[in-house]
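Engineer: quick one: sequence plus predicted model below, questions after.
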Amino acid sequence: MPHTFFQETSSADGRSQIYQFGLLHLGFWTFVSIISFFSLTLWYGPYDWFHILHIFLQAIIGLGFTLFLYWVFMHIWDKPFVHRTSIGLLMVFLVAFVWTLARIELFMWVTEAGSKWNEFGGWHFASVFIFLCWSGLFHGMRYNDLLQTEHRIMLKAEAETREEQIKRMRAQSIARDAQIKMLRYQLNPHFLCNTLNAINSLIEVNESEKAQGMTVQLSRFLRHSLDNNPDTKITLENEVNALNLYLEIEKTRFGDRLSLDFQIEQDAKLATVPSLLLQPIIENSMKHAIAQNESGGTISLHAKVLNNRLIIQLSDTGSGSKVAHSKVGSTKGRGVGLRNTNDRLKALYEQDFSINIDILPSGGLNTKIELPCEYLSSDNHFAKPSRR
């Protein structure tokens, strides 16, 4: 399909520039008519209204020919330069020739003057000059429009880049805030006291190897929490490995009371998630379900990839008592860690994610997280999987 003159611009800008081009187009032929009147009609006088009518009519015909040239130029605009130049010059000379024939014939008819065909060379030279000037005007406006369009595209790209940087900074800020809150939960006196008391109990019963192992586990867990960068995305497999540092400590504390049911498909293992995404949710389950149930319970983690979406489902068997929906969202219930997780995902994925929370009949909590499925490519950039 042929181009439109201002196809790269928005509709509003395009209409404005087409209007400006129309005015300049009319202005060009008005200028040609005025020059023709003062340099030819008045110079060679005497003149009458028939001469002025001839100037007006030849301008109307010339305007039609330049619109034809406009159509030709736009159709060959994407051709190679040599091709475009050759065709353009050929059409200029052809249009000038036809316009010269028309204006001489029109002059003899309107003014009833004698034959002017012996002056054809001078008339044709002026016609070629006029259409070359119009062609220069056209190309000047065209290149100026393309330059302005490129400038607008550059400004738009810079604005989008700045917006993306602001968005990334906001995401990093929220992620760091979430990390600080998460570390506060991890390092609260309740957690440390329980862990240190468990180590002390092991020492009292001469279980020095277990006590030493639990101390090493606590050290690894604290080091990972402090060293890990929450701004990055890691594979779900690495996220689960980090989660196990925390769960190993809890296994030592609760023994057989804590059961784990992890079922993660291979495709899901390689998908990326925000670092330290699952730990606050699992910690909620430990605090509000396992620790409060005399018989302990099970924490389940299932993950799969479906329709290019990563679906993660975490649940626990509850504390044995029913939990109200209002308590789930309260600051004293399980809602704090979930809200922090939601804030991070919103900053990283905007609206392209979901978190659904259901209360199971046992009183346990079932949390379903759905994210875009992304994988780390060989150059450590994120890549979406191809549709199957």
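Structural biologist: Noted; the coordinates are in hand.

Engineer: low-confidence stretches in the stretch 51-200 of the chain?
Structural biologist: Scanning the stretch 51-200 of the chain for pLDDT under 70 picks out the ranges 51, 112-114, 175-192.

Engineer: let's see it at 80
Structural biologist: Residue ranges of the stretch 51-200 of the chain with pLDDT under 80: 51-56, 77, 81, 84-85, 104-124, 136-142, 144-145, 148-149, 170-195, 198.

Engineer: strands along that one, start to end?
Structural biologist: With DSSP state E, counting those that start in this stretch, there are no strands along the stretch 51-200 of the chain.

Engineer: isn't S135 right next to L69, touching?
Structural biologist: Yes: if you go by CB atoms under 8 Å, S135 and L69 touch, sitting 6.8 Å apart. Where you see a C-beta, it was placed from the backbone N, CA and C, and this is true even at glycine.

Engineer: between the two, which contacts overlap?
Structural biologist: Common neighbours of S135 and L69, using CB atoms under 8 Å, 6 or more residues apart in numbering, are V92.

Engineer: tell me the secondary structure at the closest residue to N342 other than its chain neighbours.
Structural biologist: Nearest residue to N342, sequence neighbours excluded (CB to CB, 6 or more residues apart in numbering): I355, at 5.5 Å. Classification of I355 by DSSP: H, G, I helix; E, B strand; the rest coil places it in strand.

Engineer: contacting residues around I355?
Structural biologist: With the criterion set at CB under 8 Å, 6+ apart, I355 makes contact with L338, T341, N342, L345, T367, K368, I369, E370.

Engineer: narrow the residues you listed to those in strands?
Structural biologist: Per DSSP state E, strands hold the following members of the contacts of I355: T367, K368, I369, E370.

Engineer: tell me how far G364 lies from H302.
Structural biologist: 14 Å (CB to CB, to the nearest Å).

Engineer: same deal with S319?
Structural biologist: 21 Å.

Engineer: of G364 and H302, who's got more company?
Structural biologist: G364 (23 against 16; other CB atoms under 10 Å).

Engineer: quick one on the thing from earlier: run through the bridge partners of the residue nearest to N342.
Structural biologist: Beta bridges link I355 to I369 when assigned by DSSP bridges.

Engineer: wait, which of the contacts of I355 is closest to N194?
Structural biologist: Distance to N194 across those (CB to CB) is lowest for L338, with 22.4 Å.

Engineer: shouldn't that closest one be in contact with I281?
Structural biologist: Yes: if you go by CB under 8 Å, L338 and I281 touch, sitting 6.8 Å apart.

Engineer: between these two, which contacts overlap?
Structural biologist: T367.

Engineer: now do the helices in the stretch 101-250 of the chain.
Structural biologist: Using DSSP state H, counting those that start in this stretch, the helices of the stretch 101-250 of the chain run over residues 120-186, 189-204, 208-227, 236-254.

Engineer: now stretch 350-361: mean pLDDT?
Structural biologist: Stretch 350-361 carries an average pLDDT of 88.

Engineer: next, the buried residues of it.
Structural biologist: By 16 or more other CB atoms under 10 Å, the buried positions in stretch 350-361 come out as F353, I355, I357, I359.
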